[in-house]
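[1] please work out how this folds:
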Amino acid sequence: MKGSTRNLYQLDGRVPLLRAIPFGLQHILAMFVANITPIIILSNAAGLDKETSAMLLQNCMIIAGIGTLIQLYPVWRIGARLPIVMGISFTFLSVAIAIVARHGMGSLIGAVIVGGIIEGCFGLFHKYWIKFVPKVVSATVVTAIGLTLVPIGANDFAGGTGAADFGSARNWILGSVSLIVCVILHAKAKGTLRALSILAGLAAGYILALCIGAVDFSPVHNVKLISMPRILPFKPEFHISDILAMLSIFFVSATETIGDSSALCYSALKREITDKELGGSISCDGFISSVAGMLGCTPITTFSQNIGLIAISRIVNRFTIAVGATLMILGGLFPVFGIVLNTIPNAVLGGCTILMFGSILYAGFEMISKSGFTKRNLIITGIPLCIGFGFTRIPAIFNIFPEVFRMVFAENCVAIVFILAVLLNLIVPEDEQDK
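    Model prediction:
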């Protein structure tokens, strides 16, 4: 059946493949570096050889594509049927490194497999707990996600963690040009060009980087043309302490999924998320994370970067996002594809992500306003955001707590915000004038 470009702004319907490819590619570019970076850091911390590290990077692209496809086209009750893009989560990184240091990669994989199954079941039985997450709590979590993403965008803008030229004039120029192109096109362009404003900003920044010699092509040499994924590259081991530590982070990840999925529906679809969609999103998070463990990777989750991209472009078509997911899988099967994408300078990505992260923060503010500016909502929203964002900027404030508590909460704003918002929603009585 012949597709139509008008379907770009509809969940369902076919779009001509040649028109869908650039929009799908835009999603890969938005999430690529954030998707592979946790695996790079973990591989270095675990002392893995280059061949094993390359294999894990390949697998993380493949599982991100598979997870995205299942979110788009659910299997039974697993998946939200929403334009959600999945990727390897930073949230699990500190706990993953600690587990590897204690018991090795095998124990990490075992903990990921078990934890993912439990989170998946948590999503399947969402009807028993979803009542504890009203709109004001979801709005607070979305705002927290936006706040935590802003420093990430700023860090990339300056060149990325560990960059020798961090904060250099060259990075300022690359980031600024990318951001300016994105903003101008988003504000002034119409139709397809406006929807592709992020891709245009990336392209402009990358071309400039090529002109000034800021692109390193050395990793492209001596790369295999095609490489098949390996299943269970490490023998799973099961230690109860590691499983409990990983499980605690899975519940944190579930709160981020609640916020991301809610933000997507509110900002792009202009409606509240349904209980069925929320449960499907969380169950996909969990069960596909177990599959990620079988591929030697850490868990995957909804990617906030792409939620922001959809909020800006309004491109919600599932077929179009599926094209991007397919390109991710091909990026895993053909390693050179992923390596070429990885040559995009961090400063270029940082300039574009500032606009995307800002859109998530704006969606959070909108959701809070829709919940109403009451004295009760001031407490439910204001206190968790102040404590969550403020305290996690100073991790040493948690030094009196046990190590497991610090691993979960010391640098995780979203987890603190979610727990406090839920508790305050249960404790704080309704305002008399609002009854």
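[2] what's the nearest residue to Ala214 if we skip its chain neighbours?
    Leaving aside its chain neighbours, Ala214 sits nearest to Pro345 (5.4 Å; criterion: CB to CB, 6 or more residues apart in numbering). C-beta: built from backbone N, CA, C; applies to glycine.
[3] so what does the one you found have for phi and psi?
    Main-chain dihedrals, Pro345, degrees, to the nearest 10: phi -60, psi 150.
[4] so it sits against Leu174, correct?
    Yes: look at Pro345 against Leu174 with CB atoms under 8 Å: they come within range, at 5.8 Å.
[5] do you know how far Glu411 is from Ala80?
    To Ala80, Glu411 is 28 Å away according to CB to CB, to the nearest Å.
[6] oh, I was asking about Thr343
    33 Å.
[7] before we move on, back to that, got any residues that touch both of Pro345 and Leu174?
    The contact sets of Pro345 and Leu174 overlap at 205, 209, 214 (CB atoms under 8 Å, 6 or more residues apart in numbering).
[8] enumerate every residue touching the last one.
    By CB under 8 Å, 6+ apart, the residues touching Ala214 are 170, 174, 208, 345, 347.
[9] please tabulate these in JSON lines and include secondary structure as additional columns.
    Formatted as JSON lines, those follow (DSSP: H, G, I helix; E, B strand; the rest coil):
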{"residue": "Arg170", "secondary structure": "helix"}
{"residue": "Leu174", "secondary structure": "helix"}
{"residue": "Leu208", "secondary structure": "helix"}
{"residue": "Pro345", "secondary structure": "coil"}
{"residue": "Ala347", "secondary structure": "helix"}
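[10] Cys60: which of the residues you listed is nearest?
    Pro345 (21.0 Å; CB to CB).
[11] residues near the closest one, how many?
    For Pro345, the count of nearby residues is 27 (other CB atoms under 10 Å).
[12] what is the burial count for Asn7?
    Asn7, neighbours per other CB under 10 Å, totals 20.
[13] quick one, strands of the chain?
    86-88, 300-302 (DSSP state E).
[14] can you redo those as a markdown table with mean neighbour count, mean pLDDT and distance to Thr326?
    Shown next, in a markdown table, are the strands of the chain (neighbours: other CB atoms under 10 Å; pLDDT from 0 to 100; distance: least, CB to CB, whole Å):
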| stretch | mean neighbour count | mean pLDDT | distance to Thr326 |
| --- | --- | --- | --- |
| strand 86-88 | 30 | 94 | 13 |
| strand 300-302 | 29 | 94 | 17 |
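[15] what about the ones you listed, which gets the closest to Ile198?
    strand 86-88 (16.2 Å).
[16] give the partner strands of that closest one in its sheet and their orientations.
    Paired with strand 86-88 in the same sheet, following DSSP bridges, are strand 300-302 (antiparallel).
[17] nearest spatial neighbour of Ile97, skipping sequence neighbours?
    Among residues not flanking Ile97 along the chain, Ala45 sits closest, at 4.6 Å (CB to CB, 6+ apart).
[18] residues contacting that neighbour?
    Contacts of Ala45 (CB under 8 Å, 6+ apart): 97, 100-101.
[19] show me which of those are buried.
    Neighbour counting with 16 or more other CB atoms under 10 Å marks 97, 100 as buried within the contacts of Ala45.
[20] just the ones in helices from the contacts of Ala45, please.
    97, 100-101 (DSSP state H).
[21] in stretch 141-159, what's buried?
    Per 16+ other CB under 10 Å, stretch 141-159 contains these buried residues: 141-150, 152-153, 156-159.
[22] now for Ala204: which residues touch it?
    Counting by CB under 8 Å, 6+ apart, Ala204 has contacts 177-178, 181.
[23] which one among those residues gets closest to Cys386?
    For these, the nearest to Cys386 is Ser178 (32.1 Å; CB to CB).
[24] how about that closest one, nearest residue that isn't a chain neighbour?
    Nearest to Ser178 is Gly351, by CB to CB, 6+ apart, at 3.1 Å.
[25] contact partners for the one you found?
    157, 174-180, 182, 201, 205.
[26] swap the cut-off to 7 Å and go again
    Counting by CB atoms under 7 Å, 6 or more residues apart in numbering, Gly351 makes contact with 157, 174-179, 201, 205.
[27] ok, now Leu56?
    Leu56 makes contact with 39, 43, 296-297, according to CB under 7 Å, 6+ apart.
[28] and the least confident of these?
    Within the contacts of Leu56, Ser43 has the lowest pLDDT, namely 86.
[29] tell me how far it lies from Ser197.
    Distance, Ser43 to Ser197, using CB to CB: 34 Å.
[30] what's the answer for Leu29, then?
    13 Å.
[31] before we move on, what about Ala214?
    To Ser197, Ala214 is 22 Å away according to CB to CB.
[32] likewise for Ala154?
    For Ala154, the distance to Ser197 - CB to CB - is 20 Å.
[33] that older thread, now for the buried residues of stretch 141-159, which pair is the farthest apart?
    Between any two of those (CB to CB), the greatest distance is 30.0 Å, for Val141 and Gly159.
[34] who has more neighbours, Glu411 and Ala80?
    Ranked by neighbour count (other CB under 10 Å), Glu411 and Ala80 place Ala80 first, with 28 against 17.
[35] distance check, the more buried one against Ile198.
    Distance of Ala80 to Ile198, given as CB to CB: 23 Å.
[36] next: Ala158.
    19 Å.
[37] now do the helices in the stretch 101-250 of the chain.
    105-124, 135-157, 169-188, 191-195, 197-211, 240-264 (DSSP state H, counting those that start in this stretch).
[38] and the last one with helix 105-124, angle?
    For helix 240-264 against helix 105-124, the angle by axes from the mean of the first three to the mean of the last three CA atoms, to 10 degrees is 50 degrees.
[39] chain center to helix 240-264, what's the gap?
    Relative to its chain's centre, helix 240-264 lies at 12 Å (CA atoms, centre = their mean, to the nearest Å).
[40] the fifth one now?
    The chain centre lies 22 Å from the centre of helix 197-211; the measure is CA atoms, centre = their mean.
[41] just the buried residues of that helix, please?
    Judged by neighbour count using 16+ other CB under 10 Å, the buried positions of helix 197-211 are 197-206, 208-209.
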